[in-house]
Each structure stands twice: as structure tokens, then as C-alpha cells.
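Novice: task: produce atomic coordinates for the following.
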Amino acid sequence: MIATFFPRALLLGAITSVALIGAVRADIVGREIDITDLRLGQKIYVDDGSCPAGQIKEVSGMRLTAAGVERSKKCVDRKGKR
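Specialist: Next up is the predicted model:
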């Protein structure tokens, strides 16, 4: 019984970690117009040069309105290599 449980648990753990990595990954686009479907809580980074050096524009879905998802835009520190 233990011999069949361990491979299943290992496989389930691997699938879960891949799913979490995909959810944490941030999207970077070149223009804000390229953002077509923004969901609540989703963050997309726009590298269009509108923020000061060392920063990037963060567009996030703030709240749901009658017209759709309201966007919030702010410049944040760039993380990682460009």
C-alpha cells in the first residue's frame, strides 16, 4: 500500500507546484493596449517607458463595475533583469 501511495503523492505534489508557479508568474507586455482581458486581482506589468528608470508600470484589476474591471496604474520598482 505504501509503495503505491508514494508515487501518487509525488506526482500530485509536482502537478500542484507547476500550477502554483504558473499562477505566480507575472505577465509583461510592451503596450497597455495589449492588455485585453484583465481579471480582478491580476497584475500585468507594462514596459512602455512611461515610468522613471528602474521602474515599470503595474496595471491591476481593482474592482468590478458595470463597465467591467476597473484598472489601477502605478509605477513600481522593477524586479529582476530587464
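Novice: please, which helix or strand holds residue 69?
Specialist: Here residue 69 sits within strand 68-77, counting by DSSP states H and E.
Novice: in its sheet, what does that strand sit against?
Specialist: Looking at strand 68-77 with DSSP bridges, its partner strands are strand 55-65 (antiparallel).
Novice: pLDDT averaged over the partner strand - what is it?
Specialist: Averaging pLDDT along strand 55-65 yields 95.
Novice: how about the helices in the chain?
Specialist: Along the chain, counting by DSSP state H, helices occupy 2-24.
Novice: for it, what helix or strand is lowest in average pLDDT?
Specialist: Within the chain, no helix or strand scores below helix 2-24, which has a mean of 55 by mean pLDDT, DSSP states H and E.
Novice: residue 51 contacts residue 59, correct?
Specialist: No - contact between residue 51 and residue 59 fails when scored by CB atoms under 8 Å: they sit 11.6 Å apart. Backbone N, C-alpha and C define where each C-beta goes, glycine included.
Novice: what number of residues lie near residue 48?
Specialist: Neighbours of residue 48 under the rule other CB atoms under 10 Å: 13.
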